[in-house]
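In: Pasted the sequence and its predicted model underneath.
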Amino acid sequence: MDDTDRCPCLSGDTYGACCGPLHRDERRAATAEALMRSRYSAYALRDVPYLRSTWHPSTRPPELDLDPDQEWRRLEILATRAGGPFDDDGEVEFVARYRWATTGDRGRLHEISRFVRERGRWLYVDGDVA
Ligand SMILES: [Zn+2]
């Protein structure tokens, strides 16, 4: 993906002004929502190392296999709680939509994700499917 492309998280910014610098470890997510967006974009771009590096070690799966047939198409943030630059934890409620490439079937994931900030770095902990 080019920096001038529209960011997969659909923030309205380009990839280079949004999730790109986070994926390249040039910048840290300032908020839980920014980290959540960057993780969604990483799913869309199948960036497994980034997903692992932003997953809290206590809940990180030993292996992460992304289904190559699943295409993430759209992200909508519904609500956030805390997760700001001065918080140590936060929650983000979102709906992510996907499509199975071979069948064209569509689906959605509605989740409330929990994040913590440790040593200045936001990390994904876990989530409840809503
Ligand atoms: Zn983005």
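Out: It's in.
In: What residues does the chain have near the ion?
Out: Neighbours of the ion within the chain, by C-beta under 5 Å from the ion: C7, C9, S11, C18, C19, R37, S41. In short, each C-beta sits where N, CA and C put it, glycine included.
In: These, buried ones only, as a PyMOL selection?
Out: Here is the PyMOL selection string for the buried members of these, based on 16 or more other C-beta atoms under 10 Å:
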select buried, resi 7+9+11+18+19+37+41
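In: Check the residues of the chain next to the ion and tell me the two furthest apart.
Out: Greatest spacing in the residues of the chain next to the ion, by C-beta to C-beta: S11 and S41 (9.2 Å).
In: so what pLDDT did the residue nearest in space to the middle of the chain get?
Out: Most central in the chain under C-alpha atoms, centre = their mean is R39, positioned 2.1 Å from the mean C-alpha point. Note on R39: pLDDT of 98.
In: how about it, what does it touch?
Out: Counting by C-beta atoms under 8 Å, 6 or more residues apart in numbering, R39 makes contact with Y50, L51, T54, Y124.
In: Give me the buried positions along stretch 10-23.
Out: If you call a residue buried by 16+ other C-beta under 10 Å, then stretch 10-23 has these buried ones: L10, S11, T14, Y15, C18, C19, G20, P21, L22, H23.
In: Please disregard the earlier target; I meant stretch 104-112.
Out: By neighbour count with 16+ other C-beta under 10 Å, stretch 104-112 contains the buried residues L109, E111, I112.
In: Also stretch 39-49?
Out: So, applying 16+ other C-beta under 10 Å, buried residues of stretch 39-49: R39, Y40, S41, A42, Y43, A44, L45, D47.
In: How far off centre is it?
Out: 7 Å (C-alpha atoms, centre = their mean, to the nearest Å).
In: Would you mind identifying the next helix or strand past the longest helix along the chain?
Out: Secondary structure of the chain per DSSP state H: the longest helix is helix 32-45. The helix or strand immediately downstream of helix 32-45 is helix 48-53, counting by DSSP states H and E.
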